[in-house]
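Student: quick one, structure for this:
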Amino acid sequence: MSAPLWLLPAFAITAAAYASVGLGGATAYAAVLSLTAVPYVQIPPLVLTLNLLVAGSAYWSFHRAGRVPYATVAPLIATSVPAAFVGGLVPLRERQFLLLLALALLVAGLRFLLGGRLHRERPAATAAVRTGTPLLAMLLPLGAGIGLLAGMTGIGGGVYLGPILLSSGWSDPKTVPAITSAFVCFNSAAGLSAQLTRIHPALDLWAPLGAAVILGALGGAVASLRWLSATWTQRVFGSALIGVAILNAAKAL
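Tutor: Here you go, the predicted structure:
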């Protein structure tokens, strides 16, 4: 099965938008692919592969720029990766998956659009995260919980982690993309590993779509590092999440 030509620019643009805020774009890819002739069973492994490529490209850009706070990232992925693998082995019905995802995306999107000033009101919490140890007892179970949910819904988990980091004051809008890109990258790899234990992928779709999202992701990460303001980043994040939430809810209902 070959990819429709219109998917290539669509996925490149989507990857650029999501990479600019540290996400892989799994939810958007799944929503678009559901409108094509691609069998539903093939969508999760393909989406997770694209998610891994996008988040991985963004993560590498942030890492090279020295923007990844590993004191926060390390404990999160230490528990989220095994949890995401376990979650990837748990099947959900399509309607359950779409409604759960739509609700999570809606809450996260509204948080970014309406609550953007909270991070500036909690400097002490942000400083605590940078030292690593005071919040370790919170980061470990947080990673496990989000990883399990991400594995079950077939995404990387950045849409859940980002709003929590901001609303708690543990990070700021310019650092969140670096954290979530690493989180999404490792969780997508774990979820994909679980999916491939029970699904034989359609590899002929992966190469052209993979190339498109890598190009888009690199452009989005560069834009985030060099040109985008924190306010603009939050607005893009929130708008994208709400838009995808509406698409998923409409399909489920």
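
Student: any low-confidence regions in the stretch 1-150 of the chain?
Tutor: 1-3, 21-22, 104, 107-108, 111-112, 114-134 (pLDDT under 70).

Student: for it, just list every one of the helices.
Tutor: 7-19, 26-33, 43-64, 70-88, 94-114, 123-131, 136-153 (DSSP state H, counting those that start in this stretch).

Student: buried stuff in the longest one?
Tutor: The one in question is helix 43-64. Judged by neighbour count using 16 or more other Cβ atoms under 10 Å, the buried positions of helix 43-64 are 43-62. Using the backbone N, CA and C atoms, a C-beta is placed for each residue, glycine as well.

Student: same deal with stretch 73-93?
Tutor: 73, 75-77, 79-88, 92.

Student: what's the burial count for G169?
Tutor: 19 (other Cβ atoms under 10 Å).

Student: nope, V176 is what I was after
Tutor: By other Cβ under 10 Å, 26 other residues sit near V176.

Student: next, find the distance separating it from V81.
Tutor: 19 Å (Cβ to Cβ, to the nearest Å).

Student: ditto for Q195
Tutor: Distance from Q195 to V81, by Cβ to Cβ: 15 Å.

Student: circling back: closest one to K251 among the helices of the stretch 1-150 of the chain?
Tutor: helix 94-114 (5.6 Å; Cβ to Cβ).

Student: name the helices or strands packed onto that closest one?
Tutor: helix 136-153, helix 158-167, helix 230-252 (3 or more Cβ pairs under 8 Å, 6 or more residues apart in numbering; DSSP states H and E).

Student: out of those helices, deepest packed?
Tutor: Mean neighbours per residue, mean count of other Cβ atoms under 10 Å, is largest over these for helix 158-167, with a mean of 24.

Student: report the angle between that helix and helix 136-153.
Tutor: Angle of helix 158-167 versus helix 136-153, following axes from the mean of the first three to the mean of the last three Cα atoms, to 10 degrees, is 150 degrees.

Student: about what we covered before: same list (the helices of the stretch 1-150 of the chain) but as TSV, adding distance to A252.
Tutor: Below are the helices of the stretch 1-150 of the chain laid out as TSV (distance: least, Cβ to Cβ, whole Å):
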stretch	distance to A252
helix 7-19	21
helix 26-33	11
helix 43-64	15
helix 70-88	20
helix 94-114	4
helix 123-131	36
helix 136-153	13
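
Student: what's the closest of the ones you listed to C185?
Tutor: helix 43-64 (4.2 Å).

Student: quick one on the thing from earlier: among the helices and strands packed on helix 94-114, which is nearest G25?
Tutor: When these are compared (using Cβ to Cβ), the closest one is helix 230-252, at 8.6 Å.

Student: tell me the mean pLDDT for the closest one?
Tutor: What helix 230-252 shows for mean pLDDT is 72.

Student: please tell me how far the closest residue to V90 other than its chain neighbours sits from I77.
Tutor: Distances taken as Cβ to Cβ, 6 or more residues apart in numbering place M152 nearest to V90, at 5.1 Å, with adjacent residues excluded. Taking Cβ to Cβ as the measure, M152 falls 17 Å from I77.

Student: then E94?
Tutor: E94 is 29 Å from I77, by Cβ to Cβ.

Student: what sits closest to G88 if chain neighbours are left out?
Tutor: Closest residue to G88 apart from its sequence neighbours, by Cβ to Cβ, 6+ apart: A194 at 2.8 Å.

Student: quick one: R235 from G24, how far?
Tutor: Computed as Cβ to Cβ, the R235 to G24 distance reads 19 Å.

Student: apologies, that question was intended for L101.
Tutor: Taken as Cβ to Cβ, the span from L101 to G24 is 14 Å.

Student: report the contact partners of the closest residue to V81 other than its chain neighbours.
Tutor: Counting by Cβ to Cβ, 6+ apart, the nearest residue to V81 once its immediate chain neighbours are dropped is A190, at 4.6 Å. Shown in contact with A190 (Cβ atoms under 8 Å, 6 or more residues apart in numbering): 80-82, 84-85, 88, 147, 151.
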